[in-house]
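# Pasting a predicted model and its sequence here:
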Amino acid sequence: MLTKRKSGMKVQNTFVTGNNTASIRCPECNIVKIISVGKFRNINHTLKTRCGCGCVFIVSLDFRRHYRKQTKLIGFYTINSSGDSGGGRMQLFNISRSGVGFTVSGIHNISKGQQARITFTLDNKKGTPIAKDVVVKSIRKKNIIGCEFVDNAQLGKDLGFYLQP
């Protein structure tokens, strides 16, 4: 996937495999190279790259455990921690085999460590409804919530197929 930075330089996002390699495709000549990127894991996730054809572009390395699919799915969350209750509407902006990222608008009572139930509908041909239990792992900028699935071993056939890159 290519996007453009403010500098006008092309940016390629690439997923790093479990053996610390990444496939990089030149946006001009389409030559693909598989390179070892383990040395960048804890230092730099963005690299300026020059292809043999002369094209210069930026590669953004994604070191997550699982591929993260960008989405714009509307759903609902319900807090189900002991003593706490609440919930509301959310927008899933990404999903992976291990969790989701979503935003909420307005004031909420979500805190790190809470368990919640999320429900949403996939934008696939079937319009598959999904309901998963999650644990809140991060809250950024007051309304960006990162969650991990409680039982990601039971991902389900439809969601597993949806997440294929």
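Perfect, I can see it now.
# can we go C-alpha only for contacts and neighbour counts from here?
Will do.
# hey, where'd the helices end up in the protein?
Along the chain, counting by DSSP state H, helices occupy 157-162.
# residue contacts, Gln114?
Ile79, Asn80, Ser81, Val135, Val136 (Cα atoms under 8 Å, 6 or more residues apart in numbering).
# measure it to Ser105 for me?
18 Å (Cα to Cα, to the nearest Å).
# all strands for the protein, in order.
2-4, 10-15, 21-25, 32-36, 46-50, 56-62, 69-79, 87-95, 99-103, 115-121, 129-140, 144-149 (DSSP state E).
# Tell me which of the ones you listed lies nearest to Asp158.
strand 129-140 (9.0 Å; Cα to Cα).
# How about the closest one, which residues are buried there?
Lys132, Asp133, Val134, Val135, Val136, Lys137, Ser138, Ile139 (16 or more other Cα atoms under 10 Å).
# next one: stretch 69-77
In stretch 69-77, counting by 16+ other Cα under 10 Å, buried: Leu73, Ile74, Gly75, Phe76, Tyr77.
# got TSV for the residues you listed, with pLDDT and distance to Ile24 too?
Output for the buried residues of stretch 69-77, formatted as TSV (pLDDT from 0 to 100; distance: Cα to Cα, whole Å):
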residue	pLDDT	distance to Ile24
Leu73	95	29
Ile74	96	32
Gly75	96	34
Phe76	96	37
Tyr77	94	37
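# what about the residue most central in space within the chain, distance to Asp62?
Centroid-nearest residue in the chain: Arg68, 3.2 Å away (criterion: Cα atoms, centre = their mean). For Arg68, the distance to Asp62 equals 9 Å [Cα to Cα].
# mind giving me the domain split of this protein?
Structural domains assigned to the chain are 2-62, 69-162, following automatic domain parsing.
# most packed of those domains?
domain 69-162 (a mean of 16; mean count of other Cα atoms under 10 Å).
# ok, the buried residues of stretch 69-77 vs Gly160, which is closest?
For those, the nearest to Gly160 is Leu73 (16.3 Å; Cα to Cα).
# Run through the residues that contact that closest one.
Contacts of Leu73 by Cα under 8 Å, 6+ apart are Gln91, Leu92, Phe93, Phe120, Thr121, Leu122, Asp123.
# For those residues, give me a markdown table that also has pLDDT and distance to Gly52.
Formatted as a markdown table, these follow (pLDDT from 0 to 100; distance: Cα to Cα, whole Å):
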| residue | pLDDT | distance to Gly52 |
| --- | --- | --- |
| Gln91 | 96 | 42 |
| Leu92 | 96 | 39 |
| Phe93 | 94 | 36 |
| Phe120 | 96 | 45 |
| Thr121 | 95 | 44 |
| Leu122 | 94 | 41 |
| Asp123 | 92 | 39 |
